[in-house]
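In: Provided below for reference: sequence and predicted model.
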Amino acid sequence: MSSTITLYDVPSTTPQPWAPNIWRIRFILNYKRLPYRTKWVEFADVEATLLAIGAQPSSRRADGRALYTLPVIIDPRGARGQPATVLSGVDAIAEYLELTYPARPIFPEGARAVQSLFVHYVHEVLAKPLLPILVPLSHQRLPERSQAHFHAGGGAAGGAGAHTALGSAEREQAWRAAKDQFDFLHAIMSKNVGDPACDGVVVMGRNVTYADFALCSVLIWIEQVSPRDGWARVRMWNDGRWDRLRNKCREYMDVY
C-alpha cells in the first residue's frame, strides 16, 4: 500500500495555491517531511468528491444541509489499525497529524492551548477585514467553471454578490482595518524582542510552530491573489516583520 497522503486542494490561476486553511495543512506535511500529493478538485466537484471518499461534512448550512469544504486528507496508513483515515477540517487534520506523526512537533511542549488561541485569533479576527478584499480577488483566479459555480449560487459563500470587488474607497478602508489588526499583532509579538530564547520573527522561540503556519498561510493568500497591491503593502508593514516571517517559512512552501 502506498504511504503517500492525499491532500485535496482547489486549482487556481495563481503561481501557487492560495487557500489559507489548506496551506496550514501543507505547511505541516512539509515540515514533518511526510510524503503527500495534492489532488486538485474544482469547487463544483468538491461535495461529490468528498462524498465519494467518505469524508465528513465540515459544518451545516442554515437550512440544515451538510456543507462539504476543504481541506481534506486521506492517510492510507490509517490510525489505530484502520485501513485508511479520511479527515475533514483544518484543526482536526492538524491534531491528527501531530498525534499520528509526533516527530518534528508543531506544538511546543506545554503550549498547545496558547497556540490554539493564537490560531483562533488569526482566523477569526486578523483575517476578517481581509475577506471583502481577498474573496473577490480569489474568485477571479478560479477556473471559469468554478467561477460559474459560485455565480450560480454554489459554494460556501454562495451567490455572486460576495465576489464583487470593492470600490477604491471601500478597499482602502478595508486595508486600514486590516493594518490595525496587523499592528496589534506586531505589538504582541514584539514582546519577545530582547528575550535571548527568541529570534524576534516567529511566534515562540526560534522554531516555527503551528501558529506561524496559520499566520503565514494568510500572508500567502495575500501574496498570491493581490501581489502588487496587497502584498506590496503588507510586506512593508511593521518594519518588514511579515516579510521576514514568510521567508522563515519559505522552506516549507513546496507543493507536491
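Out: Done, it's in. Keep in mind the model is a prediction, meaning the values are calculated, not measured.

In: what does stretch 61-78 rub up against?
Out: Contact partners of stretch 61-78, identified using CB atoms under 8 Å, 6 or more residues apart in numbering, comprise 1-10, 19, 21-22, 24-25, 36, 41, 46-47, 50-51, 53, 55, 57-60, 83-90, 93, 96, 100, 156. Every C-beta, even on glycine, is put in place using the N, C-alpha and C of the backbone.

In: let's go with 6 Å and repeat that
Out: Applying CB atoms under 6 Å, 6 or more residues apart in numbering, the contact partners of stretch 61-78 are 1-3, 5-8, 21-22, 25, 46-47, 50, 55, 57-59, 84-88, 90, 93, 156.

In: distance from it to the middle of the chain?
Out: Centroid separation between stretch 61-78 and its chain, computed with CA atoms, centre = their mean, to the nearest Å, is 15 Å.

In: got the buried residues for it?
Out: Tyr68, Thr69, Leu70, Pro71, Val72, Ile73, Ile74, Asp75, Arg77 (16 or more other CB atoms under 10 Å).

In: and that stretch, what's its mean pLDDT?
Out: Taken as a whole, stretch 61-78 has a mean pLDDT of 90.

In: now the stretch 1-150 of the chain, which segments are flagged as low pLDDT?
Out: 1, 78-82, 150 (pLDDT under 70).

In: so which residues of it form strands?
Out: Assigned by DSSP state E, counting those that start in this stretch, the stretch 1-150 of the chain shows strands spanning 5-9, 36-40, 59-60, 66-67, 72-75, 85-88.

In: dump the C-alpha coordinates for the longest helix along the chain into CSV.
Out: As assigned by DSSP state H, the longest helix anywhere in the chain is helix 168-189. Output of helix 168-189 as CSV, limited to C-alpha atoms (Å, rounded to 0.1, in the frame of the first residue of the first chain):
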residue,chain,number,x,y,z
SER,A,168,-11.4,52.1,-4.3
ALA,A,169,-12.6,54.0,-1.2
GLU,A,170,-14.1,50.8,0.4
ARG,A,171,-10.9,48.9,-0.4
GLU,A,172,-8.7,51.5,1.3
GLN,A,173,-11.0,51.4,4.3
ALA,A,174,-10.7,47.6,4.5
TRP,A,175,-6.9,47.8,4.2
ARG,A,176,-6.8,50.3,7.1
ALA,A,177,-8.9,47.9,9.2
ALA,A,178,-6.5,45.1,8.3
LYS,A,179,-3.5,47.1,9.2
ASP,A,180,-5.0,47.8,12.6
GLN,A,181,-5.1,44.1,13.3
PHE,A,182,-1.5,43.5,12.0
ASP,A,183,-0.3,46.5,14.1
PHE,A,184,-1.9,44.9,17.2
LEU,A,185,-0.3,41.5,16.5
HIS,A,186,3.0,43.1,15.9
ALA,A,187,2.8,44.8,19.3
ILE,A,188,2.1,41.5,20.9
MET,A,189,4.8,39.6,19.1
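
In: after that helix, next one along is what?
Out: Sequence-wise, the next helix or strand downstream of helix 168-189 (DSSP states H and E) is helix 210-225.

In: the domain parsing of this structure - what is it?
Out: Using automatic domain parsing, the domains assigned to the chain come out as 5-100, 112-252.
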